[in-house]
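[1] Below is the structure, and that's it, no one-letter string:
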């Protein structure tokens, strides 16, 4: 079954998830939540899937990934203000800018391993964050870029207005679906298999003839580019881009979400982690300001007792049940 | 002419000299054994041969081509495969996936992100043939970490063979094997020597002396004796150093 799914472009699980997500605007108000929450979950899911391409597939830890999410957000706004108001142009610029930033950083860090690699991602993340704060004339400093518009999705024969959160939700869902299909195929392709081999043993992979650093470089740039796409959607959703998303704190959140969800053992783990985090933030956050304490405790419990995360627990449960 | 040749290989880590000067030539089709006490520099020499360690001076040539400055992946692509003293497999992969990822056909598609690996009958068939050649035909779907030790050793050789190498470097292949495992490995390597050039580091003297065409003894970072197994058995230095003991 798993083998058959790996060969498919679109799996039954994907179809089921998309259908379930498509129904969200129909009932989300009735459970006391709101459509914008769905937009956030989808955007962060795209970001988490991109991040997990690096962590779960290639085994590379980045503690500064917020930088690329932020570069995408700023590039979206700057492209809109200075280049074109066309949505596709702005999204394209965001993906390109974040991908190039990832490529540049990747050139410096791809020859490194383990703790040195991880620390260099933090250092570069801090550089981007500092630039965002200090380059006031370009980024708006600590205030960020404000008044970013939500341009319509122009398909030539028709244009969809995205001002309404439900319309934006369906647009982001479509982008999410495309990202899921692309990443699913990538993870199960020869390229993904080589990344998985590198995760298990860089040394062995090199001695099989694979130029390991080039794989580490390209996967970092790819992951950054997709994170930039998520950042651009976030800028559109928030109608602004601000430096906070590039902070170490925010970069740490994506690591926590991915690990709690089970990104190390499942393609869907990051999506589960995002769902748990954002729903916890809204539901528990409505009851207590200390909601992050409870999420932190959950993170510690998962790391201590079930490091394979929620998806891993579900897998074990299903295996026993079958 | 030698297929693989080391000339004046010297390796120093800081102020510590690990290889003083190694000169060694292995002819095509030869099975060349390397023996020596612990810490003699045998594995370091293998690391130089396969690009993992850059020599401080000296040259390595493959079929006359200088390999100086090349990394492990470039040397592997030129046809030098190796196994490791501490077993290095992709533990989460099945035996078939371990072999598949080593195939030149797979390597050629390494940056292909559009096609799925699953369902590629050509690659799977090629991998299964290699597995069958080392006696693991029935184990192709078993995850590597779940295989018994002896089979993991055989899988490591299968992975090296899948690279279609010209030179196969085996670092202590019998390490950790019982007598049955050693016997099976002996037969496997014997079957390979007709089609490959093999360089093998080995502590198990009976094993090495029954297989090798020629043996080099490395001690204090240099080759202190070399010759056929028969010549080495008669070598006074080898006798005195207790390296040439036989069961």
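    Good, I have the coordinates. Values in this document were obtained by computation on a predicted structure and should not be read as measured data.
[2] Shouldn't residue A:180 be within a strand?
    No - under DSSP: H, G, I helix; E, B strand; the rest coil, residue A:180 sits outside any strand and is assigned helix.
[3] Just give the closest residue to it, not the sequence neighbours.
    residue A:14 (6.0 Å; Cβ to Cβ, 6 or more residues apart in numbering or on different chains). Where you see a C-beta, it was placed from the backbone N, CA and C, and this is true even at glycine.
[4] Likewise for residue A:284?
    Nearest in space to residue A:284, with sequence neighbours left out and distances taken as Cβ to Cβ, 6+ apart, is residue A:291 at 4.0 Å.
[5] and the residue nearest to residue A:150 when sequence neighbours are not counted, how many neighbours?
    Counting by Cβ to Cβ, 6+ apart, the nearest residue to residue A:150 once its immediate chain neighbours are dropped is residue A:162, at 4.5 Å. For residue A:162, the count of nearby residues is 21 (other Cβ atoms under 10 Å in any protein chain shown).
[6] repeat for residue A:152
    Residue A:152: 17 surrounding residues under other Cβ under 10 Å.
[7] Next: residue A:12.
    Residues contacting residue A:12 under the criterion other Cβ under 10 Å number 11.
[8] ok, and what's touching stretch B:128-146?
    B:89-96, B:98-99, B:103, B:127, B:147, B:151-152, B:154-155, B:157-158, B:161-162, B:184, B:188, B:191 (Cβ atoms under 8 Å, 6 or more residues apart in numbering or on different chains).
[9] cutoff 6 Å now
    The contact list for stretch B:128-146 (Cβ atoms under 6 Å, 6 or more residues apart in numbering or on different chains) reads B:89, B:91, B:93-96, B:98-99, B:154, B:157-158, B:161-162, B:188.
[10] List phi and psi for residue B:73.
    The phi and psi values for residue B:73, taken as degrees, to the nearest 10, are phi -70, psi -30.
[11] if we take the contacts of stretch B:128-146, which one ends up nearest to chain A?
    Within the contacts of stretch B:128-146, proximity to chain A (Cβ to the nearest Cβ) peaks at residue B:91, which comes in at 6.2 Å.
[12] quick one, what contacts that closest one?
    Applying Cβ under 6 Å, 6+ apart to residue B:91 gives the contacts B:144, B:145.
[13] Make sure it is indeed in a helix.
    No - when classified by three-state DSSP, residue B:91 is found to be coil rather than part of a helix.
[14] on that earlier part again, tell me which element the residue nearest to residue A:180 falls in.
    Assigned by DSSP states H and E, residue A:14 belongs to helix A:12-22.
[15] hmm, who's touching the helix or strand just after that helix?
    With elements assigned by DSSP H and E, the helix or strand that comes after helix A:12-22 is helix A:24-27. Here helix A:24-27 makes contact (Cβ under 6 Å, 6+ apart) with A:35, A:38, A:166, A:169.
[16] what about the next helix or strand after helix A:24-27, distance to the chain center?
    Per DSSP H and E, the first helix or strand lying C-terminal to helix A:24-27 is helix A:35-52. The chain centre lies 6 Å from the centre of helix A:35-52; the measure is Cα atoms, centre = their mean, to the nearest Å.
[17] What residues of helix A:35-52 count as buried?
    For helix A:35-52, the neighbour count (16 or more other Cβ atoms under 10 Å in any protein chain shown) marks A:35, A:37-52 as buried.
[18] in chain B, which spans are helices?
    Per DSSP state H, chain B carries helices over the ranges B:42-49, B:72-77, B:95-100, B:104-108, B:121-133, B:149-162, B:179-192, B:205-211, B:229-233, B:236-240.
[19] would you turn those helices into CSV with mean neighbour count?
    Shown next, in CSV, are these (neighbours: other Cβ atoms under 10 Å in any protein chain shown):
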stretch, mean neighbour count
helix B:42-49, 24
helix B:72-77, 21
helix B:95-100, 27
helix B:104-108, 17
helix B:121-133, 17
helix B:149-162, 23
helix B:179-192, 15
helix B:205-211, 18
helix B:229-233, 16
helix B:236-240, 13
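[20] possible to save the ones you listed as TSV with mean pLDDT?
    Shown next, in TSV, are the helices of chain B (pLDDT from 0 to 100):
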stretch	mean pLDDT
helix B:42-49	92
helix B:72-77	96
helix B:95-100	97
helix B:104-108	96
helix B:121-133	93
helix B:149-162	92
helix B:179-192	85
helix B:205-211	86
helix B:229-233	87
helix B:236-240	76
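[21] Spell out which parts of the stretch 151-300 of chain A neighbour chain B.
    Residues of the stretch 151-300 of chain A lying close to chain B by Cβ under 6 Å from any Cβ of the partner chain are A:186, A:188-191, A:193-194, A:197, A:200-201, A:204, A:206-211.
[22] Let's have the contacts of stretch B:128-146 in a markdown table, adding distance to residue A:25.
    Shown next, in a markdown table, are those (distance: Cβ to Cβ, whole Å):
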| residue | distance to residue A:25 |
| --- | --- |
| B:89 | 49 |
| B:91 | 45 |
| B:93 | 42 |
| B:94 | 43 |
| B:95 | 48 |
| B:96 | 45 |
| B:98 | 47 |
| B:99 | 49 |
| B:154 | 57 |
| B:157 | 58 |
| B:158 | 54 |
| B:161 | 57 |
| B:162 | 52 |
| B:188 | 63 |
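[23] Enumerate every residue touching residue 66.
    All of this is about chain A. Going by Cβ under 6 Å, 6+ apart, residue A:66 touches A:245, A:246, A:250, A:251.
[24] that's the wrong chain, I meant chain B
    residue B:59.
[25] And for the one 5 residues further on?
    By Cβ under 6 Å, 6+ apart, the residues touching residue B:71 are residue B:51.
[26] For it, grab phi and psi.
    Per degrees, to the nearest 10, the backbone of residue B:71 is at phi -90, psi 170.
[27] Tell me how far it lies from residue A:111.
    Distance, residue B:71 to residue A:111, by Cβ to Cβ, to the nearest Å: 11 Å.
[28] Pass me the low-pLDDT residue ranges in chain A, would you?
    Applying pLDDT under 70 to chain A flags residues A:1.
[29] from the chain's centre, how far out does the lengthiest helix in it sit?
    In chain A, with assignment by DSSP H, the single longest helix is helix A:212-238. For helix A:212-238, the gap between its own C-alpha mean and the chain's C-alpha mean amounts to 8 Å (Cα atoms, centre = their mean).
[30] Alright, that wraps it up for me.
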